[in-house]
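[1] Below are the sequence and a predicted model for it; my questions follow.
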Amino acid sequence: MRLDTFKIEEWMNYYCPTAKYDLTTTCIEPLSLRELLILCNIQNASEITDVKLTYGDIHGSSRLKNAIKSLYENQEFENITVTHGGIGANQLVFESLLEKGDEVICLIPTYQQLYSIPKALGANVKLIYLREENKWLPHLRDIENNITRKTKLICINNPNNPTGAVIPDELLEQIVEIAKENNSWILSDEVYRGLNLFGNPYSKSIADLYEKGISVGSMSKTYSLPGLRVGWVCGRNDLIAEINKHREYNTISVSILDDYFSSLAIENRDKIAERNFRIMREGRKILEDWLNNEVYIKANLPQGGTSAILRYKKDISSKILCRNLQNKTGVALLPGETMDLEGTVRVGYCTEPETLKIGLKEFSKFLRTL
């Protein structure tokens, strides 16, 4: 299987370690283990230190599956399997569902994995570009014009990375109806689910809306625990059984400690959400105030998730802009070229507030030198 270069990961691996002000991150400031235990009111360390470091439950512990089940309206144990991060979940879905020649639709910009892996597996991938003027939301007509009876899978990301757009539940249901008419599966990468800034923090899950809906979740974004490397898939029983068959070749089980801490975090999600929404709202306000005073940038403010796309009014490639910006100021932004969005940069606004303020201020000064 020949893969395209994962542009975002390649860029971040090279540039982020040397950044003074890293604004590329899409995680809300990660929790330390101490902070997690305090939030969850764990006072007896023996609950952790007495855990034997054996293999964990193969498909996830009953405790973790119960916690995950509580995030959905009508999922059961047999509809859930635990994976090595959301990235492992997506990979397993594609390997279990797709064959060479299958037709796949992917709404972009999105996480590159959602279209590069199907392409590498030999699928015929159709890209539908979300439009900035439509606040990065899908146009139903675009999907209708591209879907056929041969379309096996539609890939979406909600809330969206990198734009921060949130698909309204009504629009999501309309997308489901289009998929039903063509008997197509829908994979919804929902690793930011629970981070809607307005209305219900949790959008409806595609797995609850549609029999052929596949929901992927993760501990990395909503729960600020990317170091746990735990994700999951929710879907139809027969699909989960096929995923588990593939999973046996590369996972065995997630770490028993990661399973434990993930269970703890989801069980105490309201406390984590209170902390995380405080960070999100403060960061979004800093970003909004900056945008109101920055003449060389236009953007749709994020409605959820942890990042935003900034379109700059300068005649320079995004890679050169980001490279020169970091070399001169220490500010790291992600170039739009890595997301098929030339002329833009991605900013993560949920980092430490002072880092965000200084980074945006330095970016403004840099833009005025071009």
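    That came through, no problem.

[2] Just the element for the closest residue to residue 12 other than its chain neighbours, please.
    Leaving out its chain neighbours, the residue that sits closest to residue 12 by C-beta to C-beta, 6 or more residues apart in numbering is residue 24, at 5.6 Å. For the C-beta atoms, the positions are set from N, CA and C on the backbone; glycine is no exception. Assignment of secondary structure by DSSP states H and E places residue 24 within no helix or strand.

[3] these two touch, right, residue 24 and residue 346?
    Yes - the pair residue 24 / residue 346 is scored as a contact, 7.2 Å apart, by C-beta atoms under 8 Å.

[4] Let's see the pLDDT reported for the closest residue to residue 2 other than its chain neighbours.
    Closest residue in space to residue 2, ignoring its immediate chain neighbours: residue 120 at 6.2 Å, by C-beta to C-beta, 6+ apart. On the pLDDT scale, residue 120 is placed at 98.

[5] if we can go back for a sec, what about residue 24 and residue 346, which has more around it?
    The neighbour count for residue 24 versus residue 346, taken as other C-beta atoms under 10 Å, is higher for residue 346 (26 against 23).

[6] how would you label the more buried one: helix, strand or coil?
    The three-state label given to residue 346 by DSSP: H, G, I helix; E, B strand; the rest coil is strand.

[7] Dig out what it forms beta bridges with.
    residue 309, residue 334 (DSSP bridges).

[8] wait, isn't it in contact with residue 339?
    Yes - between residue 346 and residue 339 there is a contact under C-beta under 8 Å: 6.7 Å.

[9] Need the overlap of contacts for those two.
    residue 162 (C-beta atoms under 8 Å, 6 or more residues apart in numbering).

[10] immediately after the helix or strand encompassing residue 35, which helix or strand?
    Element membership for residue 35, per DSSP H and E: helix 33-39. On the C-terminal side of helix 33-39, the nearest following helix or strand under DSSP H and E is helix 46-49.

[11] Could you look up the next helix or strand downstream of that following helix?
    Using DSSP H and E, the helix or strand that follows helix 46-49 in sequence is helix 62-69.

[12] what's downstream of that next one, the next helix or strand?
    According to DSSP H and E, the helix or strand after helix 62-69 is strand 80-83.

[13] quick one: common contacting residues for residue 24 and residue 346?
    Shared contacts of residue 24 and residue 346, counting by C-beta under 8 Å, 6+ apart, come down to 333, 334.

[14] thinking again about what came up before, residues touching the residue nearest to residue 12, list them.
    12, 15, 16, 332, 333, 334, 346, 348.

[15] any idea which helix or strand of the chain has the worst average confidence?
    helix 46-49 (a mean of 84; mean pLDDT, DSSP states H and E).

[16] got the contact list for that helix?
    Contacts to helix 46-49, defined as C-beta under 8 Å, 6+ apart, come from residues 42, 257, 260.

[17] Any of those buried? List them.
    residue 260 (16 or more other C-beta atoms under 10 Å).

[18] mind putting the contacts of helix 46-49 in JSON lines, distance to residue 243 and pLDDT included?
    Shown next, in JSON lines, are these (distance: C-beta to C-beta, whole Å; pLDDT from 0 to 100):
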{"residue": "42", "distance to residue 243": "32", "pLDDT": "89"}
{"residue": "257", "distance to residue 243": "23", "pLDDT": "96"}
{"residue": "260", "distance to residue 243": "23", "pLDDT": "96"}
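
[19] in what helix or strand does the nearest residue to residue 33 once chain neighbours are set aside lie?
    Once flanking residues are discounted, residue 33 sits nearest to residue 261: 7.6 Å by C-beta to C-beta, 6+ apart. Using DSSP H and E, residue 261 maps to helix 256-267.

[20] Identify each of the strands in the stretch 251-370 of the chain and give its residue range.
    Shown for the stretch 251-370 of the chain, the strands assigned by DSSP state E, counting those that start in this stretch span residues 297-298, 307-312, 331-332, 334-335, 344-348.

[21] Which among those strands is found nearest to residue 236?
    Shortest distance between residue 236 and the strands of the stretch 251-370 of the chain, using C-beta to C-beta, is found for strand 307-312: 31.0 Å.

[22] list the buried ones in the closest one?
    307, 308, 309, 310, 312.

[23] For those, give me JSON lines that also has distance to residue 149 and pLDDT.
    What follows is the buried residues of strand 307-312, written out as JSON lines (distance: C-beta to C-beta, whole Å; pLDDT from 0 to 100):
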{"residue": "307", "distance to residue 149": "36", "pLDDT": "98"}
{"residue": "308", "distance to residue 149": "37", "pLDDT": "98"}
{"residue": "309", "distance to residue 149": "34", "pLDDT": "98"}
{"residue": "310", "distance to residue 149": "40", "pLDDT": "98"}
{"residue": "312", "distance to residue 149": "42", "pLDDT": "98"}
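
[24] Kindly format the C-alpha coordinates of stretch 9-28 as CSV.
    Coordinates of each C-alpha in stretch 9-28 appear next as CSV, following Å, rounded to 0.1, in the frame of the first residue of the first chain:
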residue,chain,number,x,y,z
GLU,A,9,2.2,15.6,10.4
GLU,A,10,5.4,16.1,8.4
TRP,A,11,5.3,19.8,8.8
MET,A,12,4.5,19.7,12.6
ASN,A,13,7.1,17.1,13.3
TYR,A,14,9.7,19.3,11.7
TYR,A,15,8.7,22.8,12.9
CYS,A,16,6.8,22.5,16.2
PRO,A,17,9.7,21.3,18.4
THR,A,18,11.6,24.5,17.8
ALA,A,19,8.7,26.9,18.0
LYS,A,20,8.7,29.6,20.7
TYR,A,21,5.0,30.2,20.3
ASP,A,22,3.3,27.1,19.0
LEU,A,23,-0.1,27.9,17.6
THR,A,24,-0.4,24.7,15.5
THR,A,25,-1.9,22.5,18.3
THR,A,26,-5.5,21.3,18.0
CYS,A,27,-5.7,20.0,21.5
ILE,A,28,-7.1,22.0,24.4
